[in-house]
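Novice: Coordinates for the following, if possible.
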Amino acid sequence: MKKGLFTISFMLIITITFIAVLAYVNESTLVIIQKNQEIEKYKSILYAFDIFPSGIAEKDLPATSITADIPWSNPDQIIETYQQTVTKLRLPIPTELKEPSATILTGLRDSVDIYIQIGEKQQASAFGFLVNGKGLWGTLEAFGAISADLKRMVGIDFTSQVETPGLGARITETEFKYFFRQLNLEGFNQQESTRPVLMMVSKKTETNVQNSTNSLQAITGATQTCHGVLDMLNTDLKFYIALIKANQDLLRSKGFLN
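Specialist: Next up is the predicted model:
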């Protein structure tokens, strides 16, 4: 009888010990995973804001490179650069913008986060935000950034997509994303129009950095993915530009605008 109780007690101790060890390992792993996810998020935000490690120029990267290929020295450099150049602010959504026209509003009705790139005199040089839409096979998620005067796009990084490798998935490559640099957004600041502000063309002879236009170069063979990107931008950029305009007094009160 005593031997049986001893065996049960021993097994119970072993079980509790293993459970404790597994719980510790799981908790430790979770912290690491969360930190890595945070670093990947910072990489995307910095890329969209056109912020690179010292001595690195986007034009020198291979056309097929993705954000993960940017040679940051180490995770601490990414975190430090982000903390020194970017801050986050939650903006209230005014009543006139509380409609289901912007895909970002799914499940969100009162306020939304924007990211602010800090320039001279601690004022905003650009605004960034999350955008989402639909591709050929599923949801597209991205981080986009626009200039503080709301006239040009600074950049974009696609953070989540399930498009076809070698076709739609090429939206993550530098060659495609570079056309978003200096994309002309002035159409969003004009009178209401039934025509989309941005459009996709099959071939551009110049980038928007060289000659700012409202068009992007499509990916051959990825028509539906490109249309999804275009629809996402025409909808969500319209919302965010209107949101920032509606909150200019708040942004001024916090010193981000003149």
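
Novice: quick one, strands of the stretch 51-200 of the chain?
Specialist: Secondary structure of the stretch 51-200 of the chain (DSSP state E, counting those that start in this stretch): strands at 86-92, 111-118, 124-134, 139-147, 152-160, 183-184, 199-201.

Novice: Any chance of a markdown table for these, columns distance to Lys59, mean neighbour count and mean pLDDT?
Specialist: C-beta: built from backbone N, CA, C; applies to glycine. As requested, those are arranged in a markdown table below (distance: least, CB to CB, whole Å; neighbours: other CB atoms under 10 Å; pLDDT from 0 to 100):
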| stretch | distance to Lys59 | mean neighbour count | mean pLDDT |
| --- | --- | --- | --- |
| strand 86-92 | 23 | 14 | 96 |
| strand 111-118 | 20 | 18 | 95 |
| strand 124-134 | 19 | 21 | 96 |
| strand 139-147 | 18 | 22 | 97 |
| strand 152-160 | 13 | 22 | 97 |
| strand 183-184 | 17 | 21 | 98 |
| strand 199-201 | 21 | 14 | 96 |
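
Novice: Go through those strands and name the closest to Ala63.
Specialist: Closest approach to Ala63 among the strands of the stretch 51-200 of the chain (CB to CB): strand 152-160, 15.6 Å.

Novice: which helices and strands does the closest one pack with?
Specialist: Secondary-structure packing of strand 152-160 (3 or more CB pairs under 8 Å, 6 or more residues apart in numbering; DSSP states H and E): helix 2-48, strand 124-134, strand 139-147, helix 174-177, strand 183-184.

Novice: export these to JSON lines and tack on distance to Ala222?
Specialist: Formatted as JSON lines, the helices and strands packed on strand 152-160 follow (distance: least, CB to CB, whole Å):
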{"stretch": "helix 2-48", "distance to Ala222": "21"}
{"stretch": "strand 124-134", "distance to Ala222": "14"}
{"stretch": "strand 139-147", "distance to Ala222": "12"}
{"stretch": "helix 174-177", "distance to Ala222": "9"}
{"stretch": "strand 183-184", "distance to Ala222": "19"}
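
Novice: Thanks a lot, catch you later.
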